[in-house]
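# sequence unavailable; structure follows:
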């Protein structure tokens, strides 16, 4: 009888273990469908694409007309791959921000007299102020959005686009994009900080969510919006270790449209520059500290230039200010420099 009770208890324990194991299985392992970017031949129009997807019972998430593609949920055994009209299929990878650390808590602008952060001084930005008419240059910031009401930025924000939810604003719900925006174009207005080009026109292109993550397809939509709206420079303080043919396709289209693109090299402690920074059409920016030394966290291989990226004080959410480090902070310093130089060359 005791043996039977012990066997029963053992059975209950085994069932509980199995239930516990099943609850820890990643959602991706339970879901047999994967999020993919499908790019079709140039001769395949939208109606034909829809018919092909319907034929293969494939769920479409969004269109990517700029590369004649779509984002879909695709099962591993789906025969869509065998369609002759399909040019290529790849994963819709996740792209993330390149912030490394957060050091100083928010400080309301009312308690802060305007300062020139060390990175702005290091890049010799003040020499351009009042000389270059940088409000003729349109700078897009592909990021988590921008705090659209921040008093140090509101004057320079001229528009935006939300690639995640097209019917929503490009307002920042993370803080990273607002910080990047302040490095580029915080106003000269006696509060907070001053950016590299304090009178430049900036555009918030929200392609990353509140966690600082976004799909490659969202980045593609954001870059496409920049092309259609005739932007001059794009700052992309984002990266992924995965190469994406579709991302490179839209980058090449932006380059052909005359857009200068700058991206964070990555915070991989001496590794290779990541994507999209490593594409030949993009300027890859690594980080240096206040002494001009390369930051220990910065990528090294394939980096084109270095700019300030350690303890960078800039704008943040809720009308605040924050210090951050990362190649994310280095890229906008160089973007601002290119903006000023672009005007000087005209």
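Here it is on my side, so go on. Note that this is a predicted model, so its numbers are computed, not measured.

# from now on I want contacts and neighbour counts done on CA atoms only, so please keep to that.
Fine.

# any low-confidence regions in the stretch 201-346 of the chain?
By pLDDT under 70, the low-scoring segments of the stretch 201-346 of the chain are 345-346.

# going along the chain, name the helices of it.
Along the stretch 201-346 of the chain, the segments classed as helices by DSSP state H, counting those that start in this stretch run 216-228, 245-256, 327-345.

# residues contacting the shortest one, please?
The contact list for helix 245-256, computed with C-alpha atoms under 8 Å, 6 or more residues apart in numbering, reads 37, 39, 66-67, 90, 216-217, 219-220, 223-224, 226-227, 261, 276, 279, 281.

# give me the buried subset of the residues you listed.
37, 39, 66-67, 216-217, 219-220, 223-224, 226-227, 261, 276, 279, 281 (16 or more other C-alpha atoms under 10 Å).

# for those, which one is nearest residue 48?
residue 39 (12.7 Å; C-alpha to C-alpha).

# look at the closest one and give its secondary structure.
Here residue 39 is recorded as strand under DSSP: H, G, I helix; E, B strand; the rest coil.

# tell me the pLDDT of it.
pLDDT, residue 39: 98.

# ok, and the closest non-adjacent residue to it?
Spatially, and ignoring its direct neighbours in sequence, residue 39 is nearest to residue 69 (4.0 Å; C-alpha to C-alpha, 6 or more residues apart in numbering).

# what bridges to the one you found?
The bridge-partner assignment for residue 69, based on DSSP bridges, gives residue 39, residue 64.

# settle this for me: it is touching residue 63, isn't it.
Yes - contact status for residue 69 versus residue 63: in contact at 6.3 Å, counting by C-alpha atoms under 8 Å.

# same drill for these two, tell me which one is more crowded.
Each of residue 69 and residue 63 has its neighbours counted (other C-alpha atoms under 10 Å); residue 69 has more, 25 against 17.

# could you measure from that one over to residue 41?
9 Å (C-alpha to C-alpha, to the nearest Å).

# likewise for residue 212?
Applying C-alpha to C-alpha, the value for residue 212 to residue 41 is 33 Å.

# okay, the two: which has more neighbours?
residue 212 (20 against 15).

# tell me the contacts of that one?
Residue 212 neighbours (C-alpha under 8 Å, 6+ apart): 96-97, 143-144, 174, 176.

# narrow those to those in helices?
Here DSSP state H is the test, and the contacts of residue 212 give residue 176 as lying in helices.

# need the max-distance pair from the contacts of residue 212.
96 and 174 (12.0 Å).

# if we can go back for a sec, next one, pLDDT for the residue nearest to residue 39 please.
Reported pLDDT for residue 69: 98.

# how near is residue 82 to residue 52?
The value you get for residue 82 to residue 52, if C-alpha to C-alpha is used, is 11 Å.

# apologies, that question was intended for residue 309.
The spacing between residue 309 and residue 52, counted by C-alpha to C-alpha, is 47 Å.

# between these two, tell me which one has more neighbours.
For residue 309 versus residue 52, neighbours defined as other C-alpha under 10 Å are more numerous around residue 309 (30 against 16).
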